[in-house]
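Trainee: Here is a sequence with its predicted model. Questions after.
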Amino acid sequence: MNSAYRQLYIFQSLLTNHILNKSNLADHFDVTERAIQRDFSQIKQFIFDQQLPYQLTYSRKQNGYQLTTTQDQLSKQTVLLLIKILLASRSLNKTELNATIASLLATLSQTEQAEVQPIIKNELFYYQPLRHQQDLIALIWQLSRFITHQTTIDIDYRNSKNHTETRTILPQTIIFSEYYFYVVAYSAKYQANRYFRLDRIFNYHLSKQKIHRSRAEHVSGGQLRQVVQFMQPGEKVTIQFKFSGVVEAALDRFPTAKVITAKSNSHTVLIETEVVDNGAIMWLLSQGPLVKVVSPASFVQQIRESLEKTLKLYSSEEE
């Protein structure tokens with residue numbers, strides 16, 4: 001057995017996270033320890049020459065050589081966190097979920113994978129994806145490239161009423177919200193920004209029409225997240241509301257929120273925040289008697305009208 005085969009064997013063992021003892025290798029190949037040392041030296045030189053992201057090191061504690069990476073790696077804690085978020089989101093169909101989890105686990109050693117897998121096993125077994133069952137990963141990547149290059153595209157889009165039509169859009173940012181991925185895009189038809197759910201896009205291609213917007217007109221995904229709720233379009237407005245629920249929940253729901261006053265003799269606080277009106281109304285109404293909007297007057301009126309419409313549904317004698 002020649003030295004080239006020995007070195008390939010040793011390198012492959014190192015790549016699979018084995019700790020290699022020089023004496024044991026010498027016995028295995030029936031050569032001297034000096035020959036094995038030369039093999040390690042050759043492998044070390046090969047790593048250097050090829051600029052591979054590894055370093056051959058000796059561990060006194062384990063009495064052997066091991067291969068460590070010089071690249072930043074995801075820790076097992078980080079991989080577990082990302083998988084937990086994926087499972088909770090329910091955003092991917094099972095095929096794409098399993099492929100994504102497999103890719104994340106592949107960044108870990110076999111020992112670390114064995115630690116993570118039992119933790120996620122139960123949630124993975126009971127995972128229920130959303131009903132659309134569409135593949136999203138490739139679409140998210142392609143739309144992201146269109147955003148980077150400011151490319152106008154035509155999409156075949158099925159709206160909430162199950163009607164499909166072709167829209168010409170300039171994608172600006174992709175946002176995940178309440179189980180779904182959306183592309184925020186300038187619509188040629190409406191001459192305004194609109195939100196399109198990615199699972200409702202069934203086809204796309206480069207458009208002959210070109211949409212140009214100035215830098216100032218572009219939508220920032222980071223800024224949009226600060227004010228939009230449930231991906232509902234509307235008018236941006238600064239509101240104040242009294243809240244007697246868990247204050248942290250309200251402040252977390254509205255990232256720009258701040259407590260203006262807090263009554264010492266009650267659990268009620270006055271909160272001010274900037275929001276997009278339609279989405280904010282949906283959340284505020286979900287809080288029932290825990291919330292009372294106090295300004296501006298026009299927004300209070302919107303809340304009142306929504307409550308009256310809801311009450312009318314329950315006041316009707318019709319079944």
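Mentor: Right, received. Where do you want to start? Predicted model only: the values in this text are computed from it and were never measured.
Trainee: Lowest-scoring secondary structure element of this structure by mean pLDDT?
Mentor: When each helix and strand of the chain is scored by mean pLDDT, DSSP states H and E, helix 221-227 comes last, with a mean of 74.
Trainee: That helix: what's the following helix or strand?
Mentor: strand 236-243 (DSSP states H and E).
Trainee: and that next one, average pLDDT?
Mentor: Mean pLDDT, taken over the full extent of strand 236-243, equals 94.
Trainee: which helices and strands does it pack with?
Mentor: Applying 3 or more CB pairs under 8 Å, 6 or more residues apart in numbering; DSSP states H and E, we find strand 236-243 packed against strand 269-276, helix 277-286, strand 291-295, helix 297-315. Every residue, glycine included, has its C-beta placed from N, CA and C.
Trainee: Kindly reformat those as TSV containing distance to I153.
Mentor: Output for the helices and strands packed on strand 236-243, formatted as TSV (distance: least, CB to CB, whole Å):
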stretch	distance to I153
strand 269-276	25
helix 277-286	26
strand 291-295	39
helix 297-315	35
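Trainee: Just put those in TSV and tack on mean pLDDT.
Mentor: Formatted as TSV, the helices and strands packed on strand 236-243 follow (pLDDT from 0 to 100):
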stretch	mean pLDDT
strand 269-276	93
helix 277-286	92
strand 291-295	94
helix 297-315	92
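Trainee: Nearest to L14, out of the ones you listed?
Mentor: L14 lies closest to helix 277-286 among these, at 53.7 Å (CB to CB).
Trainee: how about the closest one: buried residues?
Mentor: 277-281, 283-284 (16 or more other CB atoms under 10 Å).
Trainee: can I assume K161 sits in a helix?
Mentor: No: the assignment for K161 (DSSP: H, G, I helix; E, B strand; the rest coil) gives coil, which keeps it out of a helix.
Trainee: Report how many residues lie close to it.
Mentor: For K161, the tally of surrounding residues (other CB atoms under 10 Å) stands at 5.
Trainee: Show me which residues of the least confident helix or strand of the chain are buried.
Mentor: Neighbour-count burial for helix 221-227 [16+ other CB under 10 Å]: 224, 227.
Trainee: roughly how far out does it sit from the chain middle?
Mentor: Centroid separation between helix 221-227 and its chain, computed with CA atoms, centre = their mean, to the nearest Å, is 15 Å.
Trainee: So T111 is in contact with H18, correct?
Mentor: No: if you go by CB atoms under 8 Å, T111 and H18 don't touch, sitting 11.4 Å apart.
Trainee: related to what we said a few turns ago, if we take the buried residues of helix 277-286, which one ends up nearest to K121?
Mentor: Using CB to CB, W283 is the member of these that lies nearest K121, at 34.5 Å.
Trainee: Just read off the phi/psi values of the residue lying closest to that closest one once chain neighbours are set aside.
Mentor: The shortest distance from W283 to any non-neighbouring residue, by CB to CB, 6 or more residues apart in numbering, is to Q229 (5.4 Å). Dihedral pair for Q229: phi -130, psi 130, per degrees, to the nearest 10.
Trainee: what's the answer for the one 4 residues further on, then?
Mentor: Backbone torsions of P233, given as degrees, to the nearest 10, read phi -70, psi 160.
Trainee: quick one, what contacts it?
Mentor: 193-195, 276, 278 (CB atoms under 8 Å, 6 or more residues apart in numbering).
Trainee: cool, and Y186?
Mentor: So Y186 contacts 169-170, 172, 192-194, 211, 213, 217 (CB under 8 Å, 6+ apart).
Trainee: Out of the residues you listed, grab the one that's most surrounded.
Mentor: I169 (27 neighbours).
Trainee: Show me what that one bridges to in the sheet.
Mentor: On the basis of DSSP bridges, I169 is bridged to I153, S187.
Trainee: Same check on Q66?
Mentor: Once the bridges are assigned, which here means DSSP bridges, Q66 pairs with T57.
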